[in-house]
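1. A predicted structure for the sequence below; I have some questions about it.
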Amino acid sequence: MSRTVLHVDMDAFFASVEQREDPSLRGRPVVVGSDPQGGRGRGVVAAASYEARRYGIHSAQPISEAWRRCPNAVYLRPRRHLYSEVSAAVFEIFGRYTDLVEPLSIDEAFLDVTGSRQLFGPGPEIARRIKREVRAAEDLTASVGVAASKFVAKIASDLDKPDGLVVVSPGEERAFLASLEIRRLWGAGPRALDRFRTLGVATFRDAAELPLDVLVESFGEARGRRFHELVRGLDDRPVRPDRERKSLGKEITFDHDLSDRDRVRRTLFGLCEETALALRARGLAGSTVTVKLRWEGFETVTRQASLDRAVNTTERIWPVARDLMARADRPSRRVRLVGVSLSSLVPEAGRQLSLFTVEGERRDERVAAVVDRLAERFGPGAVTRAALLEAGGRAAGAPADTGTVESGNVDPQEEDPS
Ligand SMILES: [Mg+2]
């Protein structure tokens, strides 16, 4: 018996929520993101309404580029708190149909509804019910892909947006994929796609015709084999509700590209402090630290380190982040953006406290508790650590909350530093 997997993806989520909150925005190009500053803004687009997409505006694009394409769009700063609330309500609806919900980001998830078919009907029927309930409860549309695997469901949900429903019957996967462009291969980053291009691959059909050894030679053993299966629509990865993909972090785009590494490091320290504060405010700790650097020209690198236990204090995060930055850095390049995030998050109470928890860590926690109380009273940034103070000052502009959003298009197997 084949599985039934739904991939549910909210349409232009942040922008749609804003249009819902202010009906005068309906039908107008809406861009949620950083301040465009009359075209001089240096952040990025977080979400674009479908009206804005007609101008070629899309998420992760520089906000200045969006402005150039459509200065008359409505530009809004993200209201993450609001989106989180809506997200929770939408996920609550998913939970009415199955316990097997694997979030990919704030606005998309896989649902394994194999065991729910008897109760609610076949996959497409469940998809229609979910779409109806989301619209009724939240006045928002979702697009759904229905298939026997995560991979095919994910591709299907994107083909008929907005308000789409695309069903791929078991056994039809390869025919369904055949004519699609290879850029839809979920889990392949820009470098992998370049590689496919040099192999003369334009579509899934082309890729499915490549012998296994060519794929292994091009992508390595594990990924080559994986791609060999995926391009045929074969994917037996389970929907894992407990999979921890969420991350929490802060990043900042400088007013102008910086060569001054001392200033970049000081900024990173401040971001570590704010991330630690945000983790503790949510009762979370994380054991994976990621540092992100974006150079002039927009090229981005990330470096990641896994710790043997989850942390949420500046004292624990900063030394790791500092080393990661040193590893990622290319001193000849000027820095446009720096960021830090923690992932593999666990509830703080569930944090494994080693028998040998060093006294130092307890002290960190006491310091952290004081910092938290001060921040509560006076707002974040009230406490500037001596080290930061000595180094002098902060980066200009308020840091952007990278929130708990992980791009749904990045498979964890791909560390693509391009
Ligand atoms: Mg979406």
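-> Right, received. Where do you want to start?
2. what about Ile57, which SS state?
-> coil (DSSP: H, G, I helix; E, B strand; the rest coil).
3. Neighbours of it, how many?
-> Neighbour count of Ile57, defined by other CB atoms under 10 Å: 25. For every residue, glycine as well, the C-beta is placed using N, CA and C.
4. List the contacts of it.
-> Neighbour list for Ile57: Pro29, Val31, Val45, Ala48, Glu65, Ala66, Arg69, Cys70, Ala73 [criterion: CB atoms under 8 Å, 6 or more residues apart in numbering].
5. In JSON lines: these, plus pLDDT, neighbour count and secondary structure.
-> As requested, these are exported to JSON lines (pLDDT from 0 to 100; neighbours: other CB atoms under 10 Å; DSSP: H, G, I helix; E, B strand; the rest coil):
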{"residue": "Pro29", "pLDDT": "98", "neighbour count": "22", "secondary structure": "coil"}
{"residue": "Val31", "pLDDT": "98", "neighbour count": "31", "secondary structure": "strand"}
{"residue": "Val45", "pLDDT": "94", "neighbour count": "24", "secondary structure": "strand"}
{"residue": "Ala48", "pLDDT": "97", "neighbour count": "27", "secondary structure": "strand"}
{"residue": "Glu65", "pLDDT": "96", "neighbour count": "16", "secondary structure": "helix"}
{"residue": "Ala66", "pLDDT": "97", "neighbour count": "28", "secondary structure": "helix"}
{"residue": "Arg69", "pLDDT": "98", "neighbour count": "18", "secondary structure": "helix"}
{"residue": "Cys70", "pLDDT": "98", "neighbour count": "18", "secondary structure": "coil"}
{"residue": "Ala73", "pLDDT": "98", "neighbour count": "20", "secondary structure": "coil"}
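6. Give me the pLDDT for Trp186.
-> As predicted, Trp186 sits at a pLDDT of 88.
7. List phi and psi for it.
-> The phi and psi values for Trp186, taken as degrees, to the nearest 10, are phi -70, psi 130.
8. Just give the nearest non-adjacent residue to Asp53, would you?
-> Actually, residue 53 is Arg. It isn't Asp. Ala12 (7.6 Å; CB to CB, 6 or more residues apart in numbering).
9. just to revisit the earlier point, now, which of the contacts of Ile57 sits nearest Ala276?
-> Distance to Ala276, by CB to CB, is smallest for Val45 among those, at 27.9 Å.
10. interface residues of the protein facing the ion?
-> Residues of the chain lying close to the ion (CB under 5 Å from the ion) are Asp9, Met10, Phe13, Asp107.
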